[in-house]
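Visitor: Sequence first, predicted model second:
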Number of protein chains: 2
Amino acid sequence: MKISEAAKQSGLTNKAIRFYESMGLVECTRLANGYRDYSDSDIQTMRFIHRARDLGFSIEECRYLVCLQQNSNRASATVKQFAQDHLQDITQQIEKLQEMKAILENLISHCPGDDNPQCSIIDELEK
Amino acid sequence: MKISEAAKQSGLTNKAIRFYESMGLVECTRLANGYRDYSDSDIQTMRFIHRARDLGFSIEECRYLVCLQQNSNRASATVKQFAQDHLQDITQQIEKLQEMKAILENLISHCPGDDNPQCSIIDELEK
DNA sequence: TGTTGACCTTACCCAAGGGGTAAGGTCTAT
DNA sequence: ATAGACCTTACCCCTTGGGTAAGGTCAACA
């Protein structure tokens, strides 16, 4: 099938598919006219990558996951550890954002929010 | 003072200072030999930007905040609203990450984590 | 037969926020 | 005089595609 149909079935955009190809994550054959041609198995890989991306895995991490997926000699412990490392990463991102959030909320709560220029948010950033 | 001293006092890197200058956020005069020369007031602006960046404001948002800071006719309500919009943005990012986290934790909890290839994480991504 | 529209192709510019490095100018101290 | 520490501009790199341009291909319809 051609790229737009592949995009529809995998949930990726045409652009993303071409990009993943350029990154070496996805392959395809070509028709006589040069158009990309995808098999059902190619779609499976694209769906796999799509889901992994939705869970926040980077392109490089997706590359490794596809590798694990296709390796029938893998140990599930390897996959589990990889996922745990990623989970820790996500957790740290959340913590960092929550720190920002707490500070912002504090600043906002002290700002009068009226027509006067005096503003504790600006004051605090100036310190 | 020259750029390295300005970096030390503001907490920014030399590179970041030059970058912010190219973005029009920071200005400076030049010495006879072409070296950048910063005043205490310039440092204040840099510190202001540094703090705003730490709270997750983008370069463009920092530009606006600097603008508000320097506008003595501002209404604190304007600043407050701007901060609240940013807060909402942060909140959404946190929610998105927490969704990812929940799914990941679920996948991880169902993975045996042994020497066998069977892995519910891979299985789930393949669906 | 011609043309219109929907596909497809490659290729380039853009985003944020700098890091790294090169090639070279300047200043100070020894 | 020269070494070392500073400064300058300028270029390429990262990530993950989005947007758009210029052009090739194909099927349908008049």
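Guide: Yes, it's here.
Visitor: does the closest residue to residue A:63 other than its chain neighbours sit in a helix or strand, and which one?
Guide: Using C-beta to C-beta, 6 or more residues apart in numbering or on different chains and skipping residues adjacent in sequence, the residue nearest residue A:63 is residue A:25, 5.6 Å away. No exception for glycine: its C-beta is placed from N, CA and C like everyone else's. Under the criterion of DSSP states H and E, residue A:25 resides outside all helices and strands.
Visitor: Quickly note the distance from residue A:25 to DNA strand D.
Guide: According to C-beta to the nearest atom of the strand, to the nearest Å, residue A:25 stands 10 Å off from DNA strand D.
Visitor: can you pull the contacts of that residue?
Guide: A:45, A:49, A:59, A:62-63, A:66 (C-beta atoms under 8 Å, 6 or more residues apart in numbering or on different chains).
Visitor: For ChimeraX, what selects the buried ones among those?
Guide: Here is the ChimeraX selection string for the buried members of the contacts of residue A:25, based on 16 or more other C-beta atoms under 10 Å in any protein chain shown:
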select /A:45,49,62,63,66
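Visitor: List the buried residues for the longest helix anywhere in chain A?
Guide: In chain A, taking DSSP state H as the definition, the longest helix is helix A:76-109. Residues of helix A:76-109 classed as buried by neighbour count (16+ other C-beta under 10 Å): A:76, A:78-80, A:82-83, A:86-87, A:90, A:93-94, A:97, A:100-101, A:103-104, A:107-108.
Visitor: Now do the same for residue A:127: its pLDDT.
Guide: Listed pLDDT for residue A:127 reads 84.
Visitor: what about it, how many neighbours?
Guide: 8 (other C-beta atoms under 10 Å in any protein chain shown).
Visitor: ok, so what distance separates it from residue B:63?
Guide: Separation of residue A:127 from residue B:63 (C-beta to C-beta, to the nearest Å): 20 Å.
Visitor: ok, back up a step: mind checking the pLDDT average for the longest helix of chain A?
Guide: In this model, helix A:76-109 has an average pLDDT of 96.
Visitor: wait, does the helix or strand following it make contact with chain B?
Guide: Next along the chain after helix A:76-109, taking DSSP H and E as the criterion, comes helix A:120-126. Yes - residues of helix A:120-126 contacting chain B under C-beta under 8 Å from any C-beta of the partner chain: A:121-122, A:124-126.
Visitor: Which among the residues you listed count as buried?
Guide: A:121-122, A:124-125.
Visitor: wait, which of those residues is closest to DNA strand C?
Guide: residue A:125 (14.8 Å; C-beta to the nearest atom of the strand).
Visitor: from memory the closest one sits against residue B:65, does it?
Guide: Yes - look at residue A:125 against residue B:65 with C-beta atoms under 8 Å: they come within range, at 7.1 Å.
Visitor: Report the set of residues contacting both of those two.
Guide: B:48, B:52.
Visitor: Does chain B have contacts with stretch A:104-116?
Guide: Yes - using C-beta under 8 Å from any C-beta, stretch A:104-116 reaches chain B at A:104-105, A:107-108, A:111-116.
Visitor: Serialize those residues to CSV and add fields for distance to DNA strand D.
Guide: Listed next are those as CSV, based on distance: C-beta to the nearest atom of the strand, whole Å:
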residue, distance to DNA strand D
A:104, 25
A:105, 29
A:107, 29
A:108, 30
A:111, 33
A:112, 39
A:113, 34
A:114, 38
A:115, 38
A:116, 39
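Visitor: could you dump those to CSV with distance to residue A:18?
Guide: Output for the residues of stretch A:104-116 next to chain B, formatted as CSV (distance: C-beta to C-beta, whole Å):
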residue, distance to residue A:18
A:104, 39
A:105, 42
A:107, 44
A:108, 43
A:111, 47
A:112, 52
A:113, 48
A:114, 52
A:115, 52
A:116, 54
